[in-house]
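> this one's structure only:
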């Protein structure tokens, strides 16, 4: 029996983190006796001293999501990323792969995590990328922060894989006039217009598949020290609307937005943030409008652009990967059996 | 007969630029009737209005280096990189490959050049990299500027090849006690101590070979939208000293420098620059000390680190490439037949 691979994950309770944990737990191999190839540690970040203490008390690690993880065999390990480095190194000692699915507002905390991983001899570090394909600089502010971390990782020569994933099905469907999809669309999700004339292509993935891809990638030698682009299907917005109309039998209103108007939204959001730099919702609005500009107007989120940027493709690496099609996801969602994201955790 | 490839080069009179022009002119193919596969345009930059006028007057393009280029079939084309974009687009229209070997203090001027190249449909853009292998950020300030330009090129989706080349033989030899090498060492080259214990490896190349590699790379489809690392041999400083002692029969003094002292030099240079931000020699000192820290202390300039950073290797691409060995260069240099760089042009 091959030795189990020890994986430590930060952000296991987030949408991406949950998908990754599920992907790791469901990964199995006929040659293995055990159900999964992985031993998983969920690094539970405690930022302030109080929280750490709380987390080290048994009752504090028993909030529902952690209880659920524990019941599935995941070990909950409290860590303090801004604490002493040697403690962190101790936690990561013997760990094969570190995956960060850290909140995008906390990306700076990846630096001590990377330092500890390097010192502990971690064999692969997967930083919190997990985004659509975006130029490293000049289009989306928070993507630049990820690039900064990436450059830091390269500077300390930490073995890595950088993984970006298609825009999730779970946040790609427009609302149906009947309201049948409201139950799974994030309440906060603004109705997004369609970029340009509706023909801008964008790569899509089911968030539930992302973790399954990740489970393959983190043990794949071909992906060591590489960027990997993960996606299921590529569709233009008009194609998404057409398909949803056909599957639902409902007629959708289509609002198109020009490049100039989309730029205007970014400028407006930037102005609001400048007036109130500490306002996280202003930062959120800027990020949302910049992201839309990237995938909805510029058309950055395509396999072709990913290849140009040097990403390996999940299609080339795993041609036989079985994934949920967008159509099947729509059928599931309209049938009332879908599960949304960002829903009141 | 295959069509000739039109190449426009900025900085043709610099050390790298001259090597590239020589490489292009000497490139030939038995199947071609003509002596070279390339038609070469030297883009003569005029930064200020006066110079432009001068350059557009026939006598102004007749300074020795341009006369030499012209006599070898290179067309001299005056350009103003900070002038109107449409003029620049016109100049680049029909050009297949743009190579920038621009002065490292003028890297900002590559942005309009890249914009014009994109608009003109240039098939490959080779930015002014041509450096040792350095982490994109956090070690050498001017390398970050190159990364900024690289990220800009990727943002506008300009087809590119990014080429770094080993530290030149021509600036790698220590002085001999007899003074026999003084004639070809740059007068301004400070005596560089040896990093750590002398066992830090560093990739080296003869500057005269760099252009010959470039001539191959710019038409190589495998190198499109890739970084390429070019070098001849890898040596530690002790190996370079040993070899020079053996070839020259002279005994060399060896001064070693610790990581802390090398860092101290950087800090001293940074302080001097902060006190006098417009002092280009202070910037030069900072760059020299940072570069030394990268290749001489950190050991960044190796094929292994280049591979980690995603570079293709000239050794893999062109295993049969005939290059000058360091030993042959030493013999040539000691024999009085060497040609130095940065020598009072």
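Looks like it arrived, so ask away. This one's a predicted model, so the numbers in the text were calculated from it and none came from an experiment. Numbers count the residues shown, from 1 in each chain, chains lettered A, B, ... in the order given.
> show me the contacts for the residue nearest to the spatial centre of chain A.
Nearest to the mean C-alpha position of chain A, counting by CA atoms, centre = their mean, stands residue A:130 at 3.6 Å. Taking CB atoms under 8 Å, 6 or more residues apart in numbering or on different chains, we find residue A:130 in contact with A:16, A:101, A:163-165, A:210. In short, each C-beta sits where N, CA and C put it, glycine included.
> does it sit in a helix, a strand or a coil?
Of the three states, residue A:130 takes coil under DSSP: H, G, I helix; E, B strand; the rest coil.
> what about it, distance to chain B?
Remark: distance between residue A:130 and chain B (CB to the nearest CB, to the nearest Å) = 20 Å.
> same question, residue A:253
Going from residue A:253 to chain B by CB to the nearest CB gives 33 Å.
> Quick check: which element contains that residue?
Per DSSP states H and E: residue A:253 is located in neither a helix nor a strand.
> Can you tell me how far the residue nearest to it when sequence neighbours are not counted is from chain B?
If the residues on either side of it in the chain are set aside, residue A:253 comes closest to residue A:177, at 7.7 Å by CB to CB, 6 or more residues apart in numbering or on different chains. The spacing between residue A:177 and chain B, counted by CB to the nearest CB, is 38 Å.
> burial count for residue A:177?
12 (other CB atoms under 10 Å in any protein chain shown).
> What does it show for phi and psi?
As for residue A:177, its main-chain torsions (degrees, to the nearest 10) stand at phi -50, psi -40.
> where does the stretch 51-200 of chain A have low pLDDT?
A:51-62, A:189-190 (pLDDT under 70).
> Might you enumerate the residues of it proximal to chain B?
For the stretch 51-200 of chain A, the residues in contact with chain B (CB under 8 Å from any CB of the partner chain) are A:135-139, A:147-148, A:151-152, A:154-155, A:157.
> now the residues you listed: which count as buried?
Among those, the ones that count as buried by 16 or more other CB atoms under 10 Å in any protein chain shown are A:135-137, A:139, A:147-148, A:151-152, A:154-155, A:157.
> got CSV for the residues you listed, with secondary structure and distance to residue B:328 too?
Below are those laid out as CSV (DSSP: H, G, I helix; E, B strand; the rest coil; distance: CB to CB, whole Å):
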residue, secondary structure, distance to residue B:328
A:135, coil, 44
A:136, coil, 41
A:137, coil, 43
A:139, coil, 49
A:147, helix, 42
A:148, helix, 43
A:151, helix, 38
A:152, helix, 40
A:154, helix, 35
A:155, helix, 35
A:157, coil, 33
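> Residue B:263: which of these is nearest?
Ranked by distance to residue B:263 (CB to CB), those are led by residue A:155 at 14.9 Å.
> Just give the nearest non-adjacent residue to the closest one, would you?
Nearest non-adjacent residue to residue A:155 (CB to CB, 6+ apart): residue B:135, at 4.1 Å.
> how near is that neighbour to residue A:125?
Separation of residue B:135 from residue A:125 (CB to CB, to the nearest Å) stands at 15 Å.
> Let me see the contact set for residue A:10.
Per CB under 8 Å, 6+ apart, neighbours of residue A:10: A:17, A:43, A:45, A:79, A:81, A:98-102, A:113, A:128.
> where does it fall, phi/psi-wise?
phi -100, psi 130.
> Now residue A:188: closest residue in space that isn't a chain neighbour?
residue A:342 (6.9 Å).
> Ok, residue A:247 next?
Leaving aside its chain neighbours, residue A:247 sits nearest to residue A:330 (4.5 Å; criterion: CB to CB, 6+ apart).
> what's near enough to touch that neighbour?
Counting by CB under 8 Å, 6+ apart, residue A:330 makes contact with A:173, A:243-244, A:247-248.
> are any of those residues buried, and which?
A:173, A:243-244, A:247-248.
> What strand or helix carries residue A:290?
Per DSSP H and E: residue A:290 is located in helix A:280-292.
> Determine how far that helix lies from the middle of the whole chain.
How far helix A:280-292 lies from its chain's middle: 16 Å, per CA atoms, centre = their mean, to the nearest Å.
> If you average the pLDDT over that helix, what comes out?
For helix A:280-292, mean pLDDT rounds to 93.
> Brilliant, that's me finished.
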